[in-house]
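Q: Sequence isn't available, so here's the structure alone:
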């Protein structure tokens, strides 16, 4: 049963080329949906079937993300803003998927979240805040800083769902998702973000804040 939605971008200038790649068995890559820049939603794989979109990685302490997720490819080259009709269509698609499979907002993640260092999509131009305002993803509300504590930051990041990585890559993954453009070593704002996000995710899952999921 799907418990995650993984959002990707195609990284291609031509959506038809992306569609051909996703339908080519030789390439061994697929997704459940492809959304064109104009807003057309192309269904490629039934939601209850496995698609080969996630690859190596983990989320919430578990690997084999392909077997427990729905993959959505967005027609975007990775550097351009996401087209408004595409985002409108994504919102409608996500709302339906989440309702059908009882997927909570914390279950909507980027490819970069579960495969840090290997993938960066949907990238810095993707509007996670827009999805969060509509209850389709999570985003931090608090703008304050917390005391600097790498150990607590790591505990919170893993409790939210990020894989167990070395400190530098973990910080990069968190910033790509929540704080793109931040530079330098871990700071109090990073710590505050992950404390808040861990609390949101774990309260929804019934775990105590700071407890990583098995």
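A: That came in fine, so what should we check first? The shown structure was predicted, so the numbers you read here are calculated from the model rather than taken from an experiment.
Q: can you give me the strands in this structure?
A: For the chain, the strands defined by DSSP state E occupy 4-9, 33-35, 41-43, 69-74, 108-110.
Q: Low-confidence ranges, the protein, go.
A: 204-214 (pLDDT under 70).
Q: run the last query once more with 50
A: 206-214 (pLDDT under 50).
Q: picking up where we left off before, among the strands of the chain, which is nearest residue 176?
A: Among the strands of the chain, strand 108-110 comes nearest to residue 176, with 7.8 Å by C-beta to C-beta. Any C-beta I mention is one placed from the backbone N, CA and C, and that applies to glycine too.
Q: contacts for the closest one?
A: The contact list for strand 108-110 (C-beta atoms under 8 Å, 6 or more residues apart in numbering) reads 4-8, 59, 94, 98, 121-122, 126, 128, 131, 136-138, 161, 176-177.
Q: try stretch 137-146
A: By C-beta under 8 Å, 6+ apart, the residues outside stretch 137-146 that reach it are 105-106, 108, 128-129, 131-133, 178, 187-189, 191-193, 195-197, 200-201.
Q: mind listing what's buried in that stretch?
A: Of all the residues in stretch 137-146, those buried under the rule 16 or more other C-beta atoms under 10 Å are 137, 138, 139, 140, 146.
Q: can you list those in TSV and add distance to residue 23?
A: As requested, these are exported to TSV (distance: C-beta to C-beta, whole Å):
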residue	distance to residue 23
137	28
138	32
139	34
140	38
146	47
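Q: List just the nearest of those to residue 26.
A: Closest approach between those and residue 26, by C-beta to C-beta: residue 137, at 33.6 Å.
Q: Okay, helices next: where are they in the chain?
A: 15-22, 84-101, 111-114, 128-133, 150-160, 167-178, 188-205 (DSSP state H).
Q: which of those helices is buried the deepest?
A: Using mean count of other C-beta atoms under 10 Å, the stretch among the helices of the chain with the greatest mean number of neighbours is helix 111-114 (a mean of 25).
Q: what's that one in contact with?
A: By C-beta under 8 Å, 6+ apart, helix 111-114 touches 6-8, 54, 57-59, 65, 119-123, 161-163, 173, 176-177.
Q: can you check stretch 178-196 too?
A: For stretch 178-196, the surrounding residues in contact (C-beta under 8 Å, 6+ apart) are 124, 128, 139-150, 152-153, 156-157, 160, 167, 171, 174-175, 197, 209.
Q: Between which two of the buried residues of stretch 137-146 is the distance greatest?
A: Every pair in these was compared (C-beta to C-beta); the two farthest apart turn out to be 137 and 146, at 22.1 Å.
Q: Please report how far residue 41 lies from residue 72.
A: Distance of residue 41 to residue 72, computed by C-beta to C-beta, to the nearest Å: 9 Å.
Q: Please identify which of those two sits among more neighbours.
A: In this view residue 41 and residue 72 are compared by other C-beta atoms under 10 Å, and residue 72 has more residues nearby, 24 against 14.
Q: beta partners of the residue nearest to the more buried one when sequence neighbours are not counted?
A: Once flanking residues are discounted, residue 72 sits nearest to residue 33: 4.8 Å by C-beta to C-beta, 6 or more residues apart in numbering. When bridges are called by DSSP bridges, residue 33 pairs up with residue 43, residue 72.
Q: Number of residues surrounding residue 135?
A: Applying other C-beta under 10 Å, we find 12 residues neighbouring residue 135.
Q: Great, nothing more from me.
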